[in-house]
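# need a structure here:
(chains A, B, C and D)
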Protein chains: 2
Amino acid sequence: MNPSDLIALIETNHLVEKVLTIERNAFLKTAGSIDTHIYFIEEGSLRVFVVDGEEERTIRFGYQNNILVSLDSFLTEKPSEFVIQAIKKTRVRVIPKKGFMEFIHQDENHLKLWVKILEDLVIQQIEREKDLLTASPKERFERVLKRSPILFQEISNRHIANYLRMTPETLSRLKKS
Amino acid sequence: MNPSDLIALIETNHLVEKVLTIERNAFLKTAGSIDTHIYFIEEGSLRVFVVDGEEERTIRFGYQNNILVSLDSFLTEKPSEFVIQAIKKTRVRVIPKKGFMEFIHQDENHLKLWVKILEDLVIQQIEREKDLLTASPKERFERVLKRSPILFQEISNRHIANYLRMTPETLSRLKKS
DNA sequence: AGGAGTTCATGACCTTTGTCAAAAATAGAG
DNA sequence: CTCTATTTTTGACAAAGGTCATGAACTCCT
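A predicted model of the protein is given here:
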């Protein structure tokens, strides 16, 4: 079972509520709101960020054929500080949590699938933690480049630099050396 | 259902294999090894770290009555770079994954408990990610102090500084101001 | 294809945090 | 309880990365 199978399951079980189009720079979720939807990105790209003082800190990106969720709000069903913004004009299929969870609890195998997804999320977050703990900006860059080379084709350096906990200038200088 | 209930369940279902004592500075797990055990700390304290170049980067602490796991290796059942070291002389109950997972799959409610635990882990990791993305060392310190004040009673500043992605000198200066 | 709006590259400079060293305070072992 | 090892504090200094400014390159829109 992998993400594209999950999409197929969502499709065949009629879990998609609607399709939304978000203009470049518009927000799908704002800080302080609850958002328990699952978004499947048909086209375009999104980022999730939190505000840290004057700055925005990017937590995650999503691009074509990815699933993106405001994970904290999805899991807790409480307001979260996460913001979801379109990096370019984006079209998403919207899957409400309620229907998805009913589907997950229909059958023990679905529940085991959900366990598998959660385990993968924990592992991803551990990798992210290791990235962020890496002291050298160059190594942070190289770790993420190795793991997600596609990211660098999809997302501008400005946003990647932010995700990598450095300025665009630093990333630019790094790529030359 | 909360962590202490989990301990009770582990107890009543005879999932504890043995009790281990680890001397101060000794290792429970070394880099490159597989370790799928769950450790319940009866007494003492442990840290999990990864090596980043010349430095060790602390990922997590455990102290009395905590559960500590080499989470990546536990989930993947593959070798991981995590190291578990005793900060002081420590006694742990050892729960093998196999028995625990059999217990989890015995009954749908146990499986739902496991789902809950995994969801909590994801949420914890998201908080950790926000901590690490915070640019100002002072705010990183304050965020963690607020969330886990007990940490500062249990663990030396040297290790906390490392966990907070700063030097002990920086943490020392921060606490004065 | 042209032009506005972004993004990227590059240089000069500055601030913050790390490094090193040494003394003071604290904790652990016998 | 005392001795020893470790941790914490403090100061002087260095360096890495951030900030700011500017021009070049790229994108997107119509």
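# so A:Ile126 makes contact with B:Gln125?
Yes: using C-beta atoms under 8 Å, A:Ile126 makes contact with B:Gln125 at a distance of 7.0 Å. Quick note: C-beta positions are derived from backbone N, CA and C, even for glycine.
# on contacts alone, who are the packing partners of the lengthiest helix in chain A?
The helix spanning the most residues in chain A, taking DSSP state H as the definition, is helix A:108-133. Judged by 3 or more C-beta pairs under 8 Å, 6 or more residues apart in numbering or on different chains; DSSP states H and E, the packing partners of helix A:108-133 are helix A:97-105, helix A:137-147, strand B:45-52, strand B:55-63, helix B:71-76, helix B:108-133.
# among the ones you listed, which is nearest B:Lys98?
helix B:71-76 (11.6 Å; C-beta to C-beta).
# following that closest one, which helix or strand shows up next?
strand B:83-86 (DSSP states H and E).
# For DNA strand D, what's the nearest residue on chain A?
A:Thr170 (3.3 Å; C-beta to the nearest atom of the strand).
# Tally up the residues packed near that residue, please.
Look at A:Thr170: counted by other C-beta atoms under 10 Å in any protein chain shown, it has 15 neighbours.
# Hmm, it is touching A:Ala161, no?
Yes: judged on C-beta under 8 Å, A:Thr170 makes contact with A:Ala161 at a distance of 6.8 Å.
# Give me every residue in chain A lying close to chain B.
Counting by C-beta under 8 Å from any C-beta of the partner chain, the residues of chain A close to chain B are A:50, A:52-53, A:55, A:57, A:59, A:71-72, A:75-76, A:108, A:111-112, A:114-115, A:118-119, A:121-123, A:125-126, A:128-130, A:132-136, A:139, A:165.
# let's see 7 Å
A:50, A:52, A:55, A:57, A:59, A:71-72, A:75-76, A:108, A:111, A:114-115, A:118-119, A:121-123, A:125-126, A:128-130, A:132-135, A:165 (C-beta under 7 Å from any C-beta of the partner chain).
# thinking again about what came up before, quick check: the residue of chain A closest to DNA strand D vs B:Gln64, distance?
42 Å (C-beta to C-beta, to the nearest Å).
# likewise A:Arg147?
Where B:Gln64 is concerned, A:Arg147 sits at a distance of 36 Å (C-beta to C-beta).
# Same check on A:Ala161?
42 Å.
# So for those two, which sits in the more crowded spot?
Set A:Ala161 next to B:Gln64 and count neighbours by other C-beta under 10 Å: A:Ala161 wins out with 20 against 13.
# check contacts around the nearest residue to A:Ile67 once chain neighbours are set aside.
Closest residue to A:Ile67 apart from its sequence neighbours, by C-beta to C-beta, 6 or more residues apart in numbering or on different chains: A:Phe40 at 5.5 Å. If you count contacts by C-beta atoms under 7 Å, 6 or more residues apart in numbering or on different chains, A:Phe40 has them with A:Ile7, A:Ile67, A:Val92, A:Arg93, A:Ile95.
# Can you say which helix or strand has the first one in it?
Under the criterion DSSP H and E, the helix or strand holding A:Ile7 is helix A:3-12.
# Name the residues of chain A found near DNA strand D, please.
A:Arg24, A:Lys88, A:Lys89, A:Ala135, A:Ser136, A:Pro137, A:Arg165, A:Met166, A:Thr167, A:Glu169, A:Thr170 (C-beta under 7 Å from any atom of the strand).
# phi, psi of the fourth one?
Yep, that's A:Ala135 we're talking about. Backbone torsions for A:Ala135, taken as degrees, to the nearest 10, come to phi -70, psi -40.
# cool, and the fifth one?
The phi and psi torsions at A:Ser136 (degrees, to the nearest 10) take the values phi -80, psi 130.
# Number of residues surrounding it?
Using other C-beta under 10 Å: A:Ser136 sits among 12 other residues.
# Could you measure from the residue nearest to it when sequence neighbours are not counted over to B:Arg47?
With C-beta to C-beta, 6+ apart as the criterion, A:Ser136 has its nearest non-adjacent residue at 7.1 Å, and that residue is B:Gly53. Look at B:Gly53 and B:Arg47: by C-beta to C-beta, they are 18 Å apart.
# And the two? Which one has more around it.
B:Arg47 (21 against 10).
# how much space is there between A:Lys89 and chain B?
27 Å (C-beta to the nearest C-beta, to the nearest Å).
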